[in-house]
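Undergrad: Fold the following and give me the result.
(chains A and B, ligands or ions: 2)
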Amino acid sequence: MKRVYINEEWCLGCHLCEYNCFLSNSKESDMVLACMGKNIKSNLHIEDSGDIHFAFNCRHCKDPICIKACISGALHKEGEVVVIDKEKCVFCGSCILVCPYGALMESESGVMQKCELCISSGGVPKCVEGCPNGALVFEER
Amino acid sequence: MRHVIIGASFAALNAAKAILSNESDDEVVVLSKEKDAPYYRPLISYLLMGKTTEEKMRMSFPESVKIILGTEAERIDTKKKEVIASNGKRYKYDRLLISTGSRPFVPPFKGLDRVSDEIKTTFMTLEDARKLNGMLDKDKRVLIIGSGLIGLKSAEAILERVKSVDVIDLQNRILPAVLDEVSSEYLKKYLEAKGMRFHLGLSVDEFSEKSARLTDNSTLDFDILVLAVGVRANTSLFEEIGGKTGRGILIDTHSRTSIPNIYAAGDVTESMDISSMASKPIQIVPNAAFQGETAGMNMAGIEKTFENAVPMNATGFFSLHLITAGTYKGELLDLSDENGLRRFYIENDELKGFILTESAIERGGIYTSLIRDRVKLSTLDKNIFKAPLLMAFPKERREKIEKEAQ
Ligand SMILES: Cc1cc2nc3c(=O)[nH]c(=O)nc-3n(C[C@H](O)[C@H](O)[C@H](O)COP(=O)(O)OP(=O)(O)OC[C@H]3O[C@@H](n4cnc5c(N)ncnc54)[C@H](O)[C@@H]3O)c2cc1C
Ligand code: SF4
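TA: Residues are numbered from 1 along each chain as shown, chains lettered A, B, ... in the order given. Ligands and ions are numbered 1, 2, ... in the order given. Model prediction:
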């Protein structure tokens, strides 16, 4: 399946992808309004160490252990994409406990949030779309 | 081929899905003692808090699975390969999965029968939750026996709906099976600040109608009694046919039992914990799911093993969230700060266990994977314990886990 990958040597470490992720998951259409006064909770993380940058988001595993560990049935697959039903999640943290990528995060509303590859807005994930240096790619590998 | 599964919960669900994932026309029949359609068991406390509804709690099985509710498997006939059920029917199987889970253990307290059934309950099923819900009232005093996960989750669920909650435990600290001493004390202080009262290192000598005399001769009066001392694996069906058991049904890494064509998974089993290298019941959802899936694949004839079981727990009480995994042995690395506890246990260059709370739980699964994969810590950047960053991994490990996803 197509996943989000990073070409590490091209990443500038600007973190714009994290903002774009946050924006695409908020109800606002304007970045400033979406982010103002908020703790930016993105579904993808850029880790920085000097000149090296890594991006990690949900790998949409073929055999996702988060789904198996979920105590409420909130996590499930839609096609190949691992998605979350926020109405069902009770924020027990089991998915955080088992995900080896650290891909799940508490959302502003106090339940879990995760990368759903922007399937509800269709097409290319916003993090990839907005990357100024083409470091993030959405492709089959 | 016909697969019969006893018990309709996490292990059964994952087994049924695995069996049916192989595009055969295998038949799956599930017998469930409970009258309620399958549901996500750990949600019963959230139901009492209004955080979910019976509707949302439903666990849906693949459509072709035949679930027979309110029907107990009473006996297994290994010669005829049949399960004899309480509805008088016999269910023929080619492969059988026992996923009967566990039941509350109620010690023979003196005088317990004097406490009327109307005011006492265990807390394991949806039926228990409805019963407890019906008892709750602003002027009721609740006594909970047992400060394990079930006792404390029931305490959390009802604290704000009753007058008082007292919890007693024979152990001298709370959640002893999940936490180390320091974290146990940390949680206790938090829960006390919320209004719970603990009476530790004590048991009940004798009950009378609405009061308990404790082993230190003090008495506690109550209007509602919740029995949450512990759970025991439902192994009797299997013991009767001569199967091997310890504190649960003994299974191998294929979820096979000692009897041919019979598999077991979930709370009913005892299996190897690789963080302590001891065989023990690991009664948590992920374990039931992994073992169930493993059983299902092997029942369908596709070899699969599950080799790295470790105890782990994610739970929250009000706004205090905790995640823990593994065994607390070896050297302690304590990096706790104002963001929460961060306690790591290290032995022979491997992470064996950890306890994280509050915002320190973020991305904690990265640590769990170090325990499950028995990663040598000397191959990682030392900062890994300050923050769970994948960057701390050598390139090979990052590539390996990337591959594993696909
Ligand atoms: C209040 C509470 C909170 C919990 N919270 C968590 C949590 O946060 N995280 C976590 O990981 N775990 C939690 N657990 C534990 C978790 O629920 C169990 O580990 C899990 O349900 C085990 O699943 P299982 O498939 O082994 O079977 P179970 O869920 O135990 O179900 C077994 C089923 O088999 C049925 N059965 C038994 N005998 C027979 C028979 N002879 N014939 C037919 N049917 C039979 C039983 O009635 C039952 O319905 C919690 C448990 C409780 C009670
Ligand atoms: S936090 Fe929510 S999504 Fe994650 S395991 Fe718990 S209920 Fe499921």
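Undergrad: Centre-most residue in chain B?
TA: residue B:284 (3.0 Å; CA atoms, centre = their mean).
Undergrad: who's in contact with the nearest residue to residue B:174 once chain neighbours are set aside?
TA: Sequence neighbours aside, residue B:147 is the residue nearest to residue B:174 in space, at 4.0 Å (criterion: CB to CB, 6 or more residues apart in numbering or on different chains). C-betas here are computed from N, CA, C, even on glycine. Residues counted as contacts of residue B:147 (CB atoms under 8 Å, 6 or more residues apart in numbering or on different chains) are B:167-169, B:171, B:174-176, B:198, B:200.
Undergrad: Output the residues you listed in JSON lines, with neighbour count and secondary structure appended to each entry.
TA: Putting those into JSON lines (neighbours: other CB atoms under 10 Å in any protein chain shown; DSSP: H, G, I helix; E, B strand; the rest coil) gives the following:
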{"residue": "B:167", "neighbour count": "24", "secondary structure": "strand"}
{"residue": "B:168", "neighbour count": "23", "secondary structure": "strand"}
{"residue": "B:169", "neighbour count": "24", "secondary structure": "strand"}
{"residue": "B:171", "neighbour count": "15", "secondary structure": "coil"}
{"residue": "B:174", "neighbour count": "25", "secondary structure": "coil"}
{"residue": "B:175", "neighbour count": "24", "secondary structure": "coil"}
{"residue": "B:176", "neighbour count": "16", "secondary structure": "coil"}
{"residue": "B:198", "neighbour count": "20", "secondary structure": "strand"}
{"residue": "B:200", "neighbour count": "16", "secondary structure": "strand"}
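Undergrad: start to end distance for stretch B:153-169?
TA: Stretch B:153-169 has its terminal residues 15 Å apart, counting by CA to CA, to the nearest Å.
Undergrad: chain center to that stretch: distance?
TA: Relative to the chain's own centre, stretch B:153-169 is displaced by 20 Å; criterion: CA atoms, centre = their mean, to the nearest Å.
Undergrad: That one near ligand 1 anywhere?
TA: Yes. Counting by CB under 6 Å from any ligand atom, contacts between stretch B:153-169 and ligand 1 involve residue B:153.
Undergrad: thinking again about what came up before, contacts only, for the residue nearest to the centre of chain B.
TA: By CB under 8 Å, 6+ apart, the contact set of residue B:284 is B:311-313.
Undergrad: Most neighbours of all those residues, which one?
TA: Neighbour counts for the contacts of residue B:284 peak at residue B:312, which has 27 neighbours (criterion: other CB atoms under 10 Å in any protein chain shown).
Undergrad: Just give the nearest non-adjacent residue to whatever residue of chain B ends up closest to ligand 2, would you?
TA: With CB to the nearest ligand atom, the shortest gap between chain B and ligand 2 falls at residue B:314, namely 6.9 Å. In space, and not counting its chain neighbours, residue B:314 is closest to residue A:93: 3.6 Å by CB to CB, 6+ apart.
Undergrad: okay, now residue B:162: neighbour count?
TA: 18.
Undergrad: re earlier: can you lay out the contacts of residue B:147 as JSON lines showing distance to residue B:141?
TA: Shown next, in JSON lines, are these (distance: CB to CB, whole Å):
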{"residue": "B:167", "distance to residue B:141": "12"}
{"residue": "B:168", "distance to residue B:141": "13"}
{"residue": "B:169", "distance to residue B:141": "18"}
{"residue": "B:171", "distance to residue B:141": "23"}
{"residue": "B:174", "distance to residue B:141": "19"}
{"residue": "B:175", "distance to residue B:141": "23"}
{"residue": "B:176", "distance to residue B:141": "25"}
{"residue": "B:198", "distance to residue B:141": "15"}
{"residue": "B:200", "distance to residue B:141": "19"}
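Undergrad: Could you report the distance from residue A:44 to residue A:82?
TA: For residue A:44, the distance to residue A:82 equals 14 Å [CB to CB, to the nearest Å].
Undergrad: Against the centre of chain B, work out the most remote residue.
TA: Within chain B, the residue lying farthest from the chain centre (CA atoms, centre = their mean) is residue B:395, at 35.4 Å.
Undergrad: mind listing what that residue touches?
TA: Contacts of residue B:395 (CB under 8 Å, 6+ apart): none.
Undergrad: what's the pLDDT at it?
TA: Here, the pLDDT recorded for residue B:395 equals 81.
Undergrad: What values do phi and psi take at it?
TA: For residue B:395, the backbone dihedrals (degrees, to the nearest 10) come out as phi -50, psi -40.
Undergrad: Kindly report the same for residue B:121.
TA: phi -160, psi 160.
Undergrad: State which one residue of chain B is found closest to chain A.
TA: In chain B, the residue that lies nearest chain A is residue B:363 (2.9 Å; CB to the nearest CB).
Undergrad: doesn't residue A:106 make contact with that residue?
TA: No. Checked against CB atoms under 8 Å, the pair residue B:363 and residue A:106 is beyond contact range at 11.1 Å.
Undergrad: need the contact list for the nearest residue to residue B:270 once chain neighbours are set aside.
TA: Among residues not flanking residue B:270 along the chain, residue B:248 sits closest, at 3.6 Å (CB to CB, 6+ apart). Counting by CB under 8 Å, 6+ apart, residue B:248 makes contact with B:233, B:235, B:267-271, B:281.
Undergrad: how far away is residue B:248 from residue B:309?
TA: For residue B:248 relative to residue B:309 (CB to CB), the value is 12 Å.
Undergrad: shared neighbours, the two?
TA: Counting by CB under 8 Å, 6+ apart, the shared contacts of residue B:248 and residue B:309 are residue B:271.
Undergrad: Surely residue A:46 forms part of a helix?
TA: No. Judged by DSSP: H, G, I helix; E, B strand; the rest coil, residue A:46 forms no part of a helix; its state is strand.
Undergrad: Can you report how many residues lie near residue B:159?
TA: A count of nearby residues for residue B:159, using other CB under 10 Å, gives 18.
Undergrad: Quick check: buried residues in stretch B:276-290?
TA: By neighbour count on 16 or more other CB atoms under 10 Å in any protein chain shown, the buried set for stretch B:276-290 is B:276, B:279-290.
Undergrad: Ok, stretch B:210-224 next?
TA: Residues of stretch B:210-224 classed as buried by neighbour count (16+ other CB under 10 Å): B:210-213, B:220, B:222-224.
Undergrad: Could you list every helix and strand that the lengthiest helix in chain A packs against?
TA: Assignment by DSSP state H gives helix A:16-25 as the longest helix of chain A. Other elements packing on helix A:16-25 under the criterion 3 or more CB pairs under 8 Å, 6 or more residues apart in numbering or on different chains; DSSP states H and E are helix A:31-35, strand A:44-49, helix A:126-129.
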